[in-house]
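In: I need the structure of the sequence given here:
(one chain, ligands or ions: 1)
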Amino acid sequence: MTARESILKKRDGKTLTASEINFFIHAYLRGEIADYQMSALLMAIYFQGMSFDETVTLTRIMRDSGEVVDFSHLPGIKVDKHSTGGVGDKVSLILAPLVAAAGVYVPMISGRGLGHTGGTLDKLESIPGFKTQLPLSRFKKQVEEIGACLIGQTDEICPADRRIYAMRDATATVQSIPLICGSILSKKLAEGSNALALDVKVGNGAIFKDAETAEELATHLIRIATAFNLNTVALLTDMSQPLGGAAGNWVEVCEAIDVLQGRGPADTRKVTLALGAIMLQLAGKTGDLPSGTAQLRALLDNGAAWEKFLEIVRAQEGDITFLENPDKYPAPKHRLEVKAEREGFITAINAREIGRLSMLLGAGRKTVDDTVDYTAGMLIHKKISDRVHRGEALITLQNSGPPPDNDFIQTAQSCFVIAHQSLPPPKFLQKLLNAQGVQPITEIELMAGI
Ligand code: URA
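Out: Just a heads-up that it's a prediction; the model follows:
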């Protein structure tokens, strides 16, 4: 068996056997298969896809590339949440402490920024001292003692995803349903969760822009998860504009602090409560979603979620004085407002481009080895359906690297479409899917507890 044979087979649209996938991934991890050959295989999978059985096999082999944690000695159902990725998506930072404060164990393995989307690990690492690469023994102990721990893939857990995730980002092979399923589910299966709430983003800032492909992704994720007995529910949520009012790393931590202290933008709060209610339902802690959202809202308002967040950050060596007093954080060297050139209503926002610009400001990586500027990012002042006056700020760009030039500012300006007629805001919570298929929900039903 050689790497070349497997690449050739997949390139020509044939099905890889379990032993071929196993050989490829393990030889790659041992350094016997080069990055360029892994890149070629990823591109072949991107174009040719994988069958259901192949995707299950890929997920299993990726899960088993490291240790598989067992939390069965802990009472109750362990639940995690994962997003397929968006711009300004800081929900995991809020949800893990929030749901843990409700008495549910939340083991969480997250990822870094991928393509134009941000990553939970980078956001957490913007907190001075915060460690996302913990020995597995510490991960287990923290989940047992505090109820939640947020780490990245390590050499001990999901090393295959750790290596392949970075490679996909650099080789433009992120948008592949089997690769996304293998990546997300291998992490969730290895971390010891019994149930999973998925936030599948839809819109121009999502991995897949159109609703059909996003739903296809959600369906595949649920089918593959079900093959492993991982009880999974997917919520399709809007990503036709950045979530909340901040995109970057530290700026998103600041927004998460606001929500955890009972404030924050309505859309960030809404998606957090909706996904949290689904997690509580999966854990058997609420009979219906509206009571789940009411329970969680109380934990945001009474400070319990905030206290849990501080406990988690302290345990992962983050300096909580920066969370208690965000003004202490180093200010970005450059701060620049991008203003509207005309008056009217915002009818569209190019969230994908905003994500790309945020990455170029330094909030993400152009190449695997780039370092992140944690002060870099954007504050988003206008959202779809908002009225805007000429000269009013649309967005504030900030970073500490080279300041944005005129071309950059113009590109940022062009991300906002301003028209005479207003449009209603996009439908935010779009669909709920589980192993039985699409479930009838309306936004009102789901959010009745808010
Ligand atoms: N999140 C992941 O962990 N992996 C992907 O492939 C996409 C989003």
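
In: need the contact list for the residue of the stretch 51-200 of the chain found nearest the ligand.
Out: Distances between the stretch 51-200 of the chain and the ligand by Cβ to the nearest ligand atom are smallest at S183, namely 3.5 Å. Bear in mind the C-beta positions are built from the backbone N, C-alpha and C, glycine included. Counting by Cβ atoms under 8 Å, 6 or more residues apart in numbering, S183 makes contact with M62, G111, D161, I164, Y165, R168.

In: what about 6 Å?
Out: Counting by Cβ atoms under 6 Å, 6 or more residues apart in numbering, S183 makes contact with D161, Y165.

In: count the residues that sit near the closest residue to W306 other than its chain neighbours.
Out: Closest residue in space to W306, ignoring its immediate chain neighbours: L260 at 4.4 Å, by Cβ to Cβ, 6 or more residues apart in numbering. Residues contacting L260 under the criterion other Cβ atoms under 10 Å number 26.

In: thought L260 was touching E307?
Out: No. Counting by Cβ atoms under 6 Å, L260 stays clear of E307, with 9.1 Å between them.

In: joint contacts of the two?
Out: Common neighbours of L260 and E307 (Cβ under 6 Å, 6+ apart) do not exist.

In: for D80, what are its contacts?
Out: Here D80 is in contact with M108, K188, S193, L196 (criterion: Cβ under 6 Å, 6+ apart).

In: cutoff 7 Å now
Out: V106, P107, M108, K188, E191, S193, L196 (Cβ atoms under 7 Å, 6 or more residues apart in numbering).

In: what average pLDDT does the one helix or strand F309 maps to get?
Out: For F309, the element it lies in under DSSP states H and E is helix 304-315. Mean pLDDT, helix 304-315: 98.

In: what packs against that helix?
Out: helix 91-101, helix 136-146, helix 250-260 (3 or more Cβ pairs under 7 Å, 6 or more residues apart in numbering; DSSP states H and E).

In: deepest in the core, which of the ones you listed is it.
Out: Ranked by mean neighbour count, those are led by helix 91-101 with a mean of 28 (mean count of other Cβ atoms under 10 Å).

In: need the CA coordinates for stretch 411-427. PDB is fine.
Out: Extracted C-alpha coordinates of stretch 411-427, given in PDB (Å, rounded to 0.1, in the frame of the first residue of the first chain):
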ATOM      1  CA  THR A 411     -13.000  47.200   0.800                       C
ATOM      2  CA  ALA A 412     -14.400  47.300   4.300                       C
ATOM      3  CA  GLN A 413     -16.800  50.100   3.300                       C
ATOM      4  CA  SER A 414     -18.000  48.000   0.300                       C
ATOM      5  CA  CYS A 415     -19.000  45.200   2.600                       C
ATOM      6  CA  PHE A 416     -22.100  47.200   3.500                       C
ATOM      7  CA  VAL A 417     -24.800  47.600   1.000                       C
ATOM      8  CA  ILE A 418     -26.800  50.800   1.600                       C
ATOM      9  CA  ALA A 419     -30.200  51.300  -0.100                       C
ATOM     10  CA  HIS A 420     -33.200  53.700   0.100                       C
ATOM     11  CA  GLN A 421     -35.700  51.000   1.100                       C
ATOM     12  CA  SER A 422     -35.200  49.000   4.300                       C
ATOM     13  CA  LEU A 423     -35.300  45.200   4.500                       C
ATOM     14  CA  PRO A 424     -36.500  43.200   7.500                       C
ATOM     15  CA  PRO A 425     -33.600  41.600   9.500                       C
ATOM     16  CA  PRO A 426     -32.800  38.000   8.300                       C
ATOM     17  CA  LYS A 427     -34.600  35.100   9.900                       C
END
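
In: nice, that's everything, thank you.
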